[in-house]
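Trainee: Coordinates for the following, if possible.
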Amino acid sequence: MLNISLEFLEQNLATGSYPLRTRVPLGSELFFPEHLRLGSSNWLEFKLAVETLFRVKNLPLAHLKHIECPRSLSADKDAHERWVAEDQLCRAILLLNVRSDFLPFAELEHEQWGAAEVWDMLVRRDLQLRNDALEKWRWLMRMYVRMLGAACVVLVALVVHLWVMYVGFDVEPSIRDAPIWDAPERDS
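Mentor: Sure thing, here's the model as predicted:
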């Protein structure tokens, strides 16, 4: 799953022709603790963990925004190679720290994606989950209002029924038959 060419890195490290600012961690340094791995409800924690790890490893956050190497680095061959290697490392950090129940990468054609494309897909997936949750809450609120309205109608019907039963047994017939609201008489 780690798409970093180990031969490429070893060759460049051995010859000194590839100026790495940091050693490329290939062990557990790439993995977040379980509670920080991206799931359906911890986007902000995951985002903070990714940004923090990028800063600790001296990886520019630009890898999350730029699909290709920025033009300022494209002219310099070493800077361009460093960008490609760092982008692969950033991509590996992202892919290794997403829970499979959140987004199953094994089902996706992600081999040619850069870090920015993976990040964009994760952002879109999070927005989709948030919108789905919002729609569920809206639906629940509509149902709650409808049920509350129905309960109010039933309560009013019950009160009217009880009032009629009470008035029907204890009040004189002349009062029972009188309208509740008498319109004032007009002077003609």
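Trainee: Give the other helices and strands that the helix ranked longest in the chain contacts.
Mentor: Of all the segments of type helix in the chain, defined by DSSP state H, the longest one is helix 115-170. On a contact count with 3 or more C-beta pairs under 8 Å, 6 or more residues apart in numbering; DSSP states H and E, helix 115-170 meets helix 77-96. C-betas here are computed from N, CA, C, even on glycine.
Trainee: what's the average pLDDT for the helix it packs on?
Mentor: For helix 77-96, the mean pLDDT works out to 87.
Trainee: got the buried residues for that helix?
Mentor: 81-95 (16 or more other C-beta atoms under 10 Å).
Trainee: quick one: which of those is nearest Thr52?
Mentor: Taking C-beta to C-beta as the measure, Ile93 is the one of those closest to Thr52, at 11.0 Å.
Trainee: Could you double-check that the closest one lies in contact with Glu29?
Mentor: No. Ile93 lies out of contact with Glu29 (C-beta atoms under 8 Å); the separation is 9.4 Å.
Trainee: Please list the outside residues in contact with the host helix or strand of Lys47.
Mentor: Per DSSP states H and E, Lys47 falls inside helix 43-56. Contact with helix 43-56 is made by 32, 35-38, 59-61, 63-64, 90, 93-94, 97, 126, as judged by C-beta atoms under 8 Å, 6 or more residues apart in numbering.
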